[in-house]
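> let's see this in three dimensions:
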Amino acid sequence: MKSIASMTCLLLLAGGVSGQPTAQKAAAGAPTKYVEVEGNRIGYRVIGSGTPLIMLTRFRGTLDTWDPLFLNRLALTHRVITVDYPGVGYSTGTFPTEIGQVAAFVNGFATRIGVRRYAVLGWSWGGIIAQTVLLAYPESVSHGVLVGTAPPGPGQAEMDQAWLASALKPVNDLKDEELLFFEPKSDSSRNAARNSHERIYARPGVTPRIPATEAQFQAYFKLASEFKADVARRRERLTESQVPMLILCGDNDPSVPATNWYPLIGRIPRAQILVLPQSGHGPQHQYPELSAHYIGAFLKGW
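Prediction:
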């Protein structure tokens, strides 16, 4: 990253993406497939064609909690692969106890479904896994897309406590989602929240598969704490990585503000940062089509 001004370069590259998905409801109606990875039955879905893009979801996320419009737009140019972690959503097994184990699971999953080289997109908690994967398996990862997430290491901005309280509710309603993933002070963002919520929950049975117990929450927190402590020197290793990275942030993220990345501007050789306006922790759900266009341009341009 050469300078803050270079953040705008991606805007010039993006342009427009024409065409429609082969089936407008491709993501919403995609069947769940299963594959065995290290003795666990892992649920995943695939839409689109082209170079593979493996999607790693957020804290408490499942196959169902991606916005279908965002996935459909990505699938115009890529083979989009969503997957549930072991013991989460549609997958059986036990949630890993170390972050390196999750990265190994992701790469092992890719191998089991016949994917040798892939781009990886991680949102929020999934973003820390995506960083771990691209550092551990650079020969397999062509690109990293990091959405609404933080870099490794201490010194991060404090998480908003009202945000955390909503995040830990066993069930989140639309009002919670406005705070969790959008910008509740913005009329346009609240409208985007409602539209995204309706698209996601058009598929039946979403809520029962979302992790909702204290034990499950603590499993996520343990790995996040390991990432933040950074005994494995991942922050330093990011500054040495040659994997192209797109860091996509909302301008009002109460969980992991974009400012967490600013000390690394100019230090990661092949990274770009893009901050979208009037958006929160889920900028790709606030702007599903625009985000997909930017991501597609990045993947193609690098």
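
> can you pull out the low-pLDDT segments for the protein?
The chain contains residues with pLDDT under 70 at 1-25.

> contacting residues for Arg112?
Val35, Glu36, Val37 (C-beta atoms under 8 Å, 6 or more residues apart in numbering). C-betas here are computed from N, CA, C, even on glycine.

> I figured the last one hits Gly108, correct?
To tie it back to what came earlier, the one meant is Val37. Yes. Counting by C-beta atoms under 8 Å, Gly108 is a contact partner of Val37 at 5.3 Å.

> near the closest residue to Leu276 other than its chain neighbours, how many other residues are there?
Nearest residue to Leu276, sequence neighbours excluded (C-beta to C-beta, 6 or more residues apart in numbering): Pro283, at 4.4 Å. For Pro283, the count of nearby residues is 30 (other C-beta atoms under 10 Å).

> higher neighbour count, Val37 and Gly108?
Neighbours per residue, other C-beta under 10 Å: of Val37 and Gly108, the larger number sits with Val37, 22 against 13.

> returning to what we had before: next up, the contacts around the residue nearest to Leu276.
Neighbouring residues of Pro283 by C-beta under 8 Å, 6+ apart: Val147, Gly148, Leu248, Cys249, Gly250, Leu276, Ser291.

> one step back: filter the contacts of Arg112 down to the ones in strands?
Counting by DSSP state E, the contacts of Arg112 place Val35, Glu36, Val37 in strands.

> which residues does the last one bridge with?
Residues found in beta-bridge contact with Val37 (criterion: DSSP bridges) are Asn40.

> gap between Ile128 and Leu63?
19 Å (C-beta to C-beta, to the nearest Å).

> ok, these two, which is more surrounded?
Ile128 (27 against 23).

> so the more buried one touches Phe221, yeah?
No. With contact defined as C-beta under 8 Å, Ile128 does not reach Phe221; the gap is 11.7 Å.

> from the centre of this structure outward, give me the first residue you hit.
Taking C-alpha atoms, centre = their mean as the criterion, Trp123 is the residue nearest the geometric centre of the chain, at 1.9 Å.

> quick check: bridge partners of that residue?
The partner residues for Trp123, given DSSP bridges, come to Val147.

> kindly list the longest helix within this structure.
helix 214-229 (DSSP state H).

> between the two ends of stretch 242-258, how far is it?
Start-to-end span of stretch 242-258 (C-alpha to C-alpha, to the nearest Å) is 22 Å.

> how far does it sit from its chain's centre?
From the chain centre to the centre of stretch 242-258 is a distance of 10 Å (C-alpha atoms, centre = their mean, to the nearest Å).

> all numbers from here: first residue = 3
Yep, numbering from 3; the last one is stretch 244-260 now.

> can you list the strands that the helix or strand harbouring Val277 pairs with?
Following DSSP states H and E, one finds Val277 within strand 273-278. Applying DSSP bridges, strand 273-278 is found paired with strand 247-252 (parallel).

> run through who's touching the strand it pairs with.
So strand 247-252 is contacted by 12, 136, 145-150, 185, 259-260, 263, 270, 272-278, 281-286, 288, 293, 296-297, 300 (C-beta under 8 Å, 6+ apart).

> again, only this time at 7 Å
Here strand 247-252 makes contact (C-beta atoms under 7 Å, 6 or more residues apart in numbering) with 146-150, 260, 263, 270, 272-278, 281-283, 285-286, 288, 293, 297, 300.

> among the residues you listed, the buried ones, what's the ChimeraX command?
The ChimeraX command for the buried members of those (criterion: 16 or more other C-beta atoms under 10 Å) is given here:
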select :146,147,148,149,150,260,263,270,273,274,275,276,277,278,281,282,283,285,286,288,293,297,300
